[in-house]
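> All I have is the shape, not the residue letters:
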Ligand code: ADP
Ligand code: GLC
């Protein structure tokens with residue numbers, strides 16, 4: 001079956017978060033299962049640089065009046081997955097972030113940038129024969145690709161069925177209604193039965209309304225977003241589409257995230273030969289300039305610094321966490337206020353708290369390998385990948401009981417299946433108690449090692465989840 005997978009980022013070409021990990025690994029897993037996958041994303045300069053085996057561009061004309069647009073075929077570096085980069089220098093050839101300009105604000109023309117991505121995908125669906133390849137299904141991800149099913153609807157009903165995956169319902173792609181003509185939609189689309197959401201255009205709403213099927217990235221999140229508390233206003237629409245919405249837990253790329261073969265860490269190790277973890281721990285403590293007592297439980301955090309992730313809970317709980325004898329390594333970037341609070345916390349207690357503010361893929365691997373436990377205190381978490389990486393690295397996750405975190409981590413107090421520590425309330429005290437339980441177990445090395453071994457044996461490879469998408473595509477065709 002031919003599947004066009006559309007995403008605004010994909011590892012290893014370009015990445016700001018978990019969406020890139022998924023878009024890099026899921027299509028590759030589907031390809032291994034025999035599907036004919038193509039991945040489409042914008043031709044950002046970094047993506048053009050890293051893409052391999054680039055071929056002759058296919059001209060798409062100027063679909064949205066933003067200049068000549070071309071599809072550049074190529075391949076992903078590791079998986080060899082076929083890709084199409086949507087090239088429009090006016091929109092994508094810029095220095096800065098994928099979504100944010102150098103001033104830290106959204107690019108002012110994001111509505112056009114991601115409309116063009118969606119338009120190119122829809123053009124391949126409709127006129128694919130011209131390109132020598134026409135998908136049976138198109139799979140769009142998050143608001144940046146939410147217009148794909150709307151364009152298909154506009155062009156005479158969605159003959160090519162679409163799957164729309166919600167990776168995070170909080171990012172809604174909201175724009176002023178006057179963008180409508182510029183993105184090539186008709187005024188009729190701006191209605192409750194269309195892309196209108198509380199007076200704005202929402203690209204997310206478009207995906208939810210027009211797609212043939214909706215998925216999200218964990219079963220628990222699929223339930224949560226049907227509720228008023230977590231539906232962010234979409235719960236009504238989602239309940240209307242109840243039968244079309246399923247939750248499929250993300251998998252992980254077991255080659256990229258493999259302590260037994262990881263080129264970025266000090267010493268490789270595995271569940272059978274766990275000894276090397278100690279060396280990674282020493283290396284990380286040295287790198288982050290943490291002091292003396294090497295038997296202090298070392299807690300890591302690797303995260304975007306946004307409200308969702310509960311980094312403030314860690315900062316508020318820090319005195320209590322340090323009182324329990326822990327050392328803490330915090331890695332991330334985002335909200336400048338949180339960044340400053342993290343810097344201040346490290347400066348106030350440099351021997352016990354270390355911070356790296358920024359984005360560093362290799363350091364993320366060293367933290368996973370070197371820490372004893374990983375903090376993931378999210379207020380909400382559609383799936384979460386860092387706790388899955390942590391399990392694989394024998395780094396016991398301390399997570400809030402929400403979304404995909406509760407679908408992937410079992411509390412040690414539940415007995416023989418426990419792999420980590422869960423807490424319920426998004427409050428520093430609740431997090432601190434979970435850290436307390438982790439420290440108590442850490443002080444019993446034999447028991448700790450038994451849980452580590454169990455965590456490392458959990459299978460979160462993409463194979464199982466890819467199977468669920470494979471079945472879904474078949475149901476649609
Ligand atoms: P989200 O997509 O909401 O950010 P996920 O847990 O699904 O959360 O994925 C986050 C991904 O981004 C992981 O691969 C994680 O290692 C990575 N990551 C987040 N922040 C950083 C950082 N500062 N440096 C390196 N990697 C990071
Ligand atoms: C989003 C979510 C995260 C999820 C990722 C990949 O960024 O915040 O929970 O793991 O997408 O699906």
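That came in fine, so what should we check first? These numbers come from a predicted model, not from an experiment. Ligands and ions are numbered 1, 2, ... in the order given.
> can you give me the helices in the stretch 101-250 of the chain?
Using DSSP state H, counting those that start in this stretch, the helices of the stretch 101-250 of the chain run over 110-131, 148-154, 203-210, 219-224, 235-240.
> Buried residues in the first one, which are they?
Across helix 110-131, burial judged by 16 or more other Cβ atoms under 10 Å covers 110-126, 128. (Each C-beta comes from the backbone N, C-alpha and C, glycine too.)
> between that helix and helix 203-210, how many degrees?
40 degrees (axes from the mean of the first three to the mean of the last three Cα atoms, to 10 degrees).
> and helix 110-131, what's its mean pLDDT?
Mean pLDDT, helix 110-131: 91.
> How far off centre is that helix?
Helix 110-131 sits 23 Å away from the centroid of its parent chain (Cα atoms, centre = their mean, to the nearest Å).
> now swap in the last one and tell me
Relative to its chain's centre, helix 235-240 lies at 24 Å (Cα atoms, centre = their mean).
> Packing partners of it?
helix 203-210 (3 or more Cβ pairs under 8 Å, 6 or more residues apart in numbering; DSSP states H and E).
> quick one: is the helix it packs on near ligand 2?
No - residues of helix 203-210 are not located near ligand 2 by Cβ under 6 Å from any ligand atom, the shortest gap being 12.8 Å.
> closest to residue 347 out of the helices of the stretch 101-250 of the chain?
helix 110-131 (35.6 Å; Cβ to Cβ).
> rewinding a little: nearest to residue 276, of the helices of the stretch 101-250 of the chain?
Ranking the helices of the stretch 101-250 of the chain by proximity to residue 276 (Cβ to Cβ) places helix 219-224 first, at 33.6 Å.
> Do a quick rundown of the strands in the stretch 201-350 of the chain.
For the stretch 201-350 of the chain, applying DSSP state E, counting those that start in this stretch gives strands covering 213-216, 245-247, 298-305, 327-334.
> Show me which residues of the stretch 1-150 of the chain sit near ligand 1.
Counting by Cβ under 6 Å from any ligand atom, the residues of the stretch 1-150 of the chain close to ligand 1 are 17, 18, 19, 21.
> quick one: residue 105 from residue 21, how far?
As for residue 105, its distance to residue 21 is 26 Å (criterion: Cβ to Cβ, to the nearest Å).
> same thing with residue 32?
According to Cβ to Cβ, residue 32 stands 17 Å off from residue 21.
> okay, now the domains of the chain?
Listed by automatic domain parsing, the domain ranges of the chain are 2-251+462-476, 276-456.
> Considering only the residues of the stretch 1-150 of the chain next to ligand 1, which also neighbour ligand 2?
17, 18, 19.
> Helix, strand or coil: sort out the last one for me.
Using DSSP: H, G, I helix; E, B strand; the rest coil, the secondary structure recorded for residue 19 is helix.
> Now do the contacts for the residue lying closest to it once chain neighbours are set aside.
Closest residue in space to residue 19, ignoring its immediate chain neighbours: residue 167 at 5.0 Å, by Cβ to Cβ, 6 or more residues apart in numbering. Neighbouring residues of residue 167 by Cβ atoms under 8 Å, 6 or more residues apart in numbering: 18, 19, 22, 141, 142, 216, 217, 382, 383.
> so the first one makes contact with residue 388?
Which is residue 18. No - Residue 18 lies out of contact with residue 388 (Cβ atoms under 8 Å); the separation is 9.7 Å.
> which neighbours do those two share?
Shared contacts of residue 18 and residue 388 (Cβ under 8 Å, 6+ apart): residue 250.
> For the stretch 251-400 of the chain, which residues are neighbours of ligand 1?
The stretch 251-400 of the chain comes close to ligand 1 at residues 302-304, 331-333, 359-361, 364, 383-386, as judged by Cβ under 6 Å from any ligand atom.
> Could you turn the buried ones of those residues into a PyMOL selection?
Here is the PyMOL selection string for the buried members of those, based on 16+ other Cβ under 10 Å:
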select buried, resi 302+303+304+331+332+333+359+360+364+383+384+385+386
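> Return the distance of residue 404 relative to ligand 1.
Distance of residue 404 to ligand 1, computed by Cβ to the nearest ligand atom, to the nearest Å: 8 Å.
> before we move on, what about residue 349?
Using Cβ to the nearest ligand atom, we find residue 349 at a distance of 21 Å from ligand 1.
> Could you pull up the residues touching the residue nearest to that residue when sequence neighbours are not counted?
In this structure, residue 349 finds its nearest non-sequential neighbour in residue 322, 6.8 Å apart by Cβ to Cβ, 6+ apart. The contact partners of residue 322, taken as Cβ under 8 Å, 6+ apart, are 328, 349, 352, 353.
> And those, which is closest to ligand 1?
Closest to ligand 1 out of the contacts of residue 322 is residue 328 (15.1 Å), distances taken as Cβ to the nearest ligand atom.
> between residue 105 and residue 21, which one's more packed in?
A count of neighbours by other Cβ atoms under 10 Å puts residue 21 above the other of residue 105 and residue 21, at 24 against 9.
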